[in-house]
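K.L.:
no FASTA, just this:
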């Protein structure tokens, strides 16, 4: 599973850099300031969470980390994906999908905290 997460993190990071460059150089003249801000939010969240996914992929496998990894994958696709589509296509209902991605991000961070707590508890038991 760790290799899959690292692969997805690398792809998400690569695409985040590409989307950021495209936004900075290709969309400034095309999108309104409002939609450019939405686009930038998508890039930012994608990059931060791709980094977190790479960190999780580098850690020893653990059940809660695996769930956190899948939550990050879902969050990147739902949160950033819906914001990219909203900014580029101006389809309003896509904004309703974004909070689901946000919830997936929150779940991932919570699972990461729980995994750290479990690790700390288990390492002090002996």
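P.N.:
Perfect, I can see it now. Note that the structure is predicted; figures quoted are calculated from it, not measured.

K.L.:
Mind listing what's buried along the one helix or strand residue 87 maps to?
P.N.:
Using DSSP states H and E, residue 87 maps to helix 81-89. With burial defined by 16 or more other Cβ atoms under 10 Å, the residues of helix 81-89 counted as buried are 81, 82, 83, 84, 85, 86, 87, 88. All C-beta spots, glycine's among them, are computed from the backbone N, C-alpha and C.

K.L.:
Please apply the same query to stretch 54-67.
P.N.:
Residues 54, 56, 57, 59, 62, 64, 65, 66, 67 are the ones in stretch 54-67 that count as buried (16+ other Cβ under 10 Å).

K.L.:
Out of those, which sit inside helices?
P.N.:
Those of these mapping onto helices are 54, 56, 57, 64, 65, 66, 67, per DSSP state H.

K.L.:
List the residues that contact the second one.
P.N.:
With contact set as Cβ atoms under 8 Å, 6 or more residues apart in numbering, residue 56 has these partners: 5, 65, 68, 69, 72, 112.

K.L.:
who are the neighbours in contact with the fourth one?
P.N.:
When contacts are counted by Cβ under 8 Å, 6+ apart, residue 69 touches 1, 5, 53, 56, 57, 108.

K.L.:
quick one: it from residue 40, how far?
P.N.:
Distance from residue 69 to residue 40, counting by Cβ to Cβ, to the nearest Å: 25 Å.
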